[in-house]
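> requesting a structural model of the entry that follows:
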Amino acid sequence: MASDQSFVDFVVEQIQNVGKITAKKMFGEYGIYADEILFALVCENKLFVKPTISGRAFIGEVVEASPYEGAKPNFLIEEKIEDSDWLSELIKISLTELPPTKARKKK
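Predicted structure coming up:
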């Protein structure tokens, strides 16, 4: 089941003051970017944030799950997704440890 555009739009709107937040469609699901850094996936209307040491410390009791079969576990954000301040802070903290997304070579 692919994610609903309305859910993806909601997630993007929740994240404030972290740079330009965009969602890019990827295989029926979405990658969420701050500027050019991929920091989360939306799969089956669930938000999965890439794991970082600082993000884990900020969250405290982390729930981890794989966004799709064969993927490494990510932080699954459920109840706190509606807390814009909390979610934005998690993303700010996580971005300090995530590398820029590598540009694909054009054919």
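
> what sits against Tyr33?
For Tyr33, the contact set (C-beta atoms under 8 Å, 6 or more residues apart in numbering) comprises Ile21, Thr22, Ala23, Lys24, Phe39, Thr101. For every residue, glycine as well, the C-beta is placed using N, CA and C.

> quick one: secondary structure of it?
strand (DSSP: H, G, I helix; E, B strand; the rest coil).

> dig out what it forms beta bridges with.
Thr22, Leu38 (DSSP bridges).

> which pLDDT value goes with it?
Tyr33 is assigned 95 on the pLDDT scale.

> which helix is the longest one in the chain?
helix 84-95 (DSSP state H).

> report the buried residues of it.
Trp86, Leu87, Ser88, Glu89, Leu90, Ile91, Lys92, Ile93, Ser94, Leu95 (16 or more other C-beta atoms under 10 Å).

> do stretch 57-74 as well
Across stretch 57-74, burial judged by 16+ other C-beta under 10 Å covers Phe58, Ile59, Val62, Pro67, Asn74.

> how about the strands in the chain?
Assigned by DSSP state E, the chain shows strands spanning 21-26, 29-34, 37-43, 46-49, 64-65, 74-77.
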